[in-house]
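Q: predicted coordinates and the sequence they were generated for:
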Amino acid sequence: MSDTSEEIIQPGDEFERRPVPEGARKGHGKFWGMYAGEHAAGTEFMIGPLFLLAGVALKDIFLGLLIGNLLAVLSWRFLCAPIAVQARMTLYYQLEKIAGSGLVKLYNLANGILFCFLAGAMITVSATAVGIPFNIPMPGVEDVLPSNAAFVVITLLVGAVIAVVAARGYDTVARFANVAAPWMVLVFLSCGLVALHQLGAANWEGLNAIWNESIITAQGGEAKSTMGFWSVLLFAWFCNAAMHIGMADLSVFRYAKKASAGWATTAGMFVGHYMAWIAAAFMLAAQIKATGDSNPVPGPMAANVAGLAGIICVIVAGWTTANPTIYRAGLAFQAMIPGSKRTTMTLVAGILATVAGIFPAFAWKLLGFVGLYGTILAPMGAIIFADWHLSGRMGFQKFYAERINSPINVIVLLAWLCPVAIALYFIKFQGIATWFCILPCWVACGILHVVLSKLLQKKVA
């Protein structure tokens, strides 16, 4: 494998099936902007308010998010980024060497579709703001289907623009995030401060009392909590589990010069998943206090506290999440079809995401969706981790599917599906929250891969 600075780099080359050469690597600044833009973005307008609707205590939000987001940063920095800068391959190409092309197609299908659903939720978020100047009725939190034809048209237009930008490749995605991120961060902070002022709390006790009153109003007179401290901590850690412990961001950090670029995720976690989630939660609390309306539709909610700037922020925020998500989905679909073009597959992903965006249920059920997404996909990262770090130490062969030229590595299939099937059973029939299942599933998957590899692999020269 050539990895030299003399390697010729063609314009638009995304290095989908070879390591990223030295001349194409990026400095840390590219990653700080991208992660700040991606995670101080559309999902934040949804997740913060959903904490309020779930009845989470204010102290549990502040402390749970602090610890959970720190664990997420450490997962990117010490689990994902080191493998990325050593192998410099996309998740899909590296997994193909371990699991086989046939099994990776199944994984990529699941990965790409779930990415499209997530991007679709963000297209919905942007559409809720675009529709405000046109006085288009927005879907409510109970709506599964679109509420009117005008909302569908706006969603299609927003999705089309986002898909075209994502199809232009990593450089365009990163450039858009770097331009948008600083402004969006300031608007999120401003929205939170304005909402806090509107709540009128003079101290922590007053703020806590108003928060509890908001929960009672939102729940129709009840004060029921379905999430506590540990739920908030684990959700913050694992809402991006597929990206860090699941190794999807191997595809991003393969461009980094050093593994220390993994610290760039701090911008996303503490600006986005800490400050912006809390700011968005306060925005809903302010809306409830002012109008009694507990419907967490991002566009109107942001417009209530920041006017035009809030509307623009929601539009751009949905965009900066959907952009890299559709880019990742395009890579997943391209890996399924040898010889296909990344641009074409990214546009296909953009079309699927746009169709999903028409249905607001994906946005309103975001907490459960991202947990399910992590439960299914993150455990495959344990296989990559074990194969890369433990194969030599534990005496089994690295990149086994490539060695035996097999389209399906049965070892990987069993190690992945068995823990996931058990986790899905407990989620579906025992009512266990998804975020409690991700770490046990990941650990079990890694252990099974090591044990089964030791037992079933045949020596290949």
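A: Now that the structure is in, tell me what you want to look at.
Q: give me the number of residues near Phe78?
A: Phe78 has 12 neighbours, counted by other Cβ atoms under 10 Å. Where you see a C-beta, it was placed from the backbone N, CA and C, and this is true even at glycine.
Q: how close does the closest residue to Leu367 other than its chain neighbours sit to Asp293?
A: Leaving aside its sequence neighbours, Leu367 sits nearest to Leu50 (Cβ to Cβ, 6 or more residues apart in numbering; 5.2 Å). Per Cβ to Cβ, to the nearest Å, Leu50 is found 15 Å from Asp293.
Q: in terms of neighbours, single out the busier of these two.
A: Leu50 (21 against 16).
Q: helices or strands up against the helix or strand harbouring the more buried one?
A: Secondary structure assignment for Leu50, by DSSP states H and E: helix 42-53. Judged by 3 or more Cβ pairs under 8 Å, 6 or more residues apart in numbering; DSSP states H and E, the packing partners of helix 42-53 are helix 101-130, helix 204-218, helix 277-291, helix 298-336, helix 366-377.
Q: list the contacts for the residue most central in space within the chain?
A: For the chain, Asn240 is the residue whose C-alpha lies nearest the centre (Cα atoms, centre = their mean; 4.7 Å). Listed by Cβ atoms under 8 Å, 6 or more residues apart in numbering, the contact set of Asn240 reads 39, 72, 370, 374.
Q: at 7 Å instead, please
A: Ala72 (Cβ atoms under 7 Å, 6 or more residues apart in numbering).
Q: wasn't it part of a helix?
A: No. When classified by DSSP: H, G, I helix; E, B strand; the rest coil, Asn240 is found to be coil rather than part of a helix.
Q: was I right about Ile278 contacting Ile47?
A: No. Between Ile278 and Ile47 there is no contact under Cβ atoms under 7 Å: 10.4 Å.
Q: can you classify Ile61 by secondary structure?
A: With three-state DSSP as the criterion, Ile61 reads helix.
Q: distance of it from Ala363?
A: Taken as Cβ to Cβ, the span from Ile61 to Ala363 is 20 Å.
Q: quick one, which of the two is more surrounded?
A: Using other Cβ under 10 Å, the more surrounded residue of Ile61 and Ala363 is Ala363, with 30 against 22.
Q: tell me which helix or strand the more buried one sits in.
A: Assigned by DSSP H and E, Ala363 falls in helix 361-364.
Q: other SSEs contacting that helix?
A: Helix 361-364 sits against helix 101-130, with contacts defined as 3 or more Cβ pairs under 7 Å, 6 or more residues apart in numbering; DSSP states H and E.
Q: which residues touch the helix or strand that comes right after the helix it packs on?
A: Sequence-wise, the next helix or strand downstream of helix 101-130 (DSSP H and E) is helix 149-167. With contact meaning Cβ under 7 Å, 6+ apart, helix 149-167 is reached by 123-124, 126-127, 130-131, 134, 136, 139, 146, 172-173, 176, 319, 322-323, 326-327, 330, 343, 346-347, 350-351, 353-354, 357-358.
Q: what angle separates helix 149-167 from helix 298-336?
A: 50 degrees (axes from the mean of the first three to the mean of the last three Cα atoms, to 10 degrees).
Q: buried residues in helix 149-167?
A: For helix 149-167, burial by neighbour count (16 or more other Cβ atoms under 10 Å) applies to 151-156, 158-159, 162-163, 165-167.
Q: over to stretch 75-88?
A: For stretch 75-88, by 16+ other Cβ under 10 Å, it's 75-77, 79-85, 87-88.
Q: then the helix holding Ala363 to PDB, C-alphas only?
A: Output in PDB follows, covering the C-alpha atoms of helix 361-364 (Å, rounded to 0.1, in the frame of the first residue of the first chain):
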ATOM      1  CA  ALA A 361     -42.000  11.200  13.200                       C
ATOM      2  CA  PHE A 362     -38.300  10.600  12.600                       C
ATOM      3  CA  ALA A 363     -37.500  13.900  14.200                       C
ATOM      4  CA  TRP A 364     -39.900  13.600  17.100                       C
END
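Q: what comes up buried for that helix?
A: 361-364.
Q: between these, which is closest to Lys458?
A: Phe362 (44.2 Å; Cβ to Cβ).
Q: thought that closest one was touching Leu114?
A: No. At 10.6 Å, Phe362 does not count as touching Leu114 under the criterion of Cβ under 7 Å.
Q: just the element for Pro338, please.
A: Using DSSP H and E, Pro338 sits within no helix or strand.
Q: how far does stretch 152-167 sit from the chain's center?
A: 19 Å (Cα atoms, centre = their mean, to the nearest Å).
Q: before we move on, what about stretch 87-101?
A: Centroid displacement of stretch 87-101 relative to its chain, using Cα atoms, centre = their mean, is 20 Å.
Q: mean confidence for it?
A: Mean pLDDT, computed over stretch 87-101, is 90.
Q: for that stretch, list the C-alpha coordinates in CSV.
A: Taking C-alpha atoms only, stretch 87-101 is exported to CSV below (Å, rounded to 0.1, in the frame of the first residue of the first chain):
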residue,chain,number,x,y,z
ALA,A,87,-5.0,2.4,8.7
ARG,A,88,-6.2,5.6,6.8
MET,A,89,-9.1,3.6,5.3
THR,A,90,-12.8,4.2,5.3
LEU,A,91,-14.8,2.2,7.8
TYR,A,92,-16.3,0.2,4.9
TYR,A,93,-13.1,-0.7,3.2
GLN,A,94,-11.4,-1.8,6.4
LEU,A,95,-14.5,-3.8,7.5
GLU,A,96,-14.6,-5.5,4.1
LYS,A,97,-11.1,-6.9,4.8
ILE,A,98,-12.2,-8.2,8.2
ALA,A,99,-15.8,-9.4,7.5
GLY,A,100,-15.9,-10.0,3.8
SER,A,101,-17.6,-8.0,1.0
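Q: which residues are contacting that stretch?
A: Contacts of stretch 87-101 (Cβ under 7 Å, 6+ apart): 3, 16-17, 19-20, 104, 107-108, 247-248, 250-251, 254, 331-332, 335, 380, 383-384, 387, 399-402, 406-409, 412.
Q: now, of these, which are buried?
A: 16, 19-20, 104, 107-108, 247-248, 250-251, 254, 331-332, 335, 380, 383-384, 387, 399-402, 408-409, 412.
Q: among these, name the ones in helices.
A: 104, 107-108, 250-251, 331-332, 335, 380, 383-384, 387, 400-402, 412 (DSSP state H).
Q: and Leu58, how far from Trp230?
A: In terms of Cβ to Cβ, Leu58 sits 16 Å off from Trp230.
Q: that's all I had, so thanks and see you.
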